[in-house]
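Trainee: got a predicted structure here, sequence first:
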Amino acid sequence: EVQLVESGGVLVQPGGSLRLSCVGSGFIFDRYAMGWVRQAPGKGLELVSHLNWDGEVTYYGESVKDRFTISRDNAKNAVYLQMDSLKPDDTARYFCVKDRNVGLPEGYDSWGQGTQVTVSS
């Protein structure tokens, strides 16, 4: 059974930083691309970032470019999202997602439960 477990979401002040982590199990981690998707209150799903099996980053959303950094450690079955210069608009539930394939987004077939990030003073 595929499992994705996120952690790291907390309440943070605007301008602050946060690092989200996701650990995967139940599949061969380094054979799949991974990503982060978020959902703000009352809004739809938004792809935040995506990276290939080998760590090549293929996508950042316009709203997070130059502020967020995605990375992975295949030895630890983990993917991370470093978030800097956080804004209230970044408030959302962040989901770790597993792609169906190794490279460019082809469809996310597994999702974690999500971790809540709240940016507020």
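Mentor: All right, it came through fine.

Trainee: just the helices from the protein, written as ranges.
Mentor: Using DSSP state H, no helices are found in the chain.

Trainee: contacting residues for the most centrally placed residue in the chain?
Mentor: What sits nearest the mean C-alpha location of the chain, by Cα atoms, centre = their mean, is Trp36, with 2.5 Å. Counting by Cβ atoms under 8 Å, 6 or more residues apart in numbering, Trp36 touches 20, 22, 47-50, 70, 79, 81, 94-97. C-beta: built from backbone N, CA, C; applies to glycine.

Trainee: same question, Asn74
Mentor: 29-30, 53, 55.

Trainee: make JSON lines out of these and add distance to Lys43 and neighbour count.
Mentor: Shown next, in JSON lines, are these (distance: Cβ to Cβ, whole Å; neighbours: other Cβ atoms under 10 Å):
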{"residue": "Phe29", "distance to Lys43": "30", "neighbour count": "20"}
{"residue": "Asp30", "distance to Lys43": "33", "neighbour count": "14"}
{"residue": "Trp53", "distance to Lys43": "30", "neighbour count": "18"}
{"residue": "Gly55", "distance to Lys43": "29", "neighbour count": "14"}
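
Trainee: just those residues: which are in strands?
Mentor: Among those, no member falls in strands (DSSP state E).

Trainee: per-residue confidence for Lys98?
Mentor: pLDDT for Lys98: 97.
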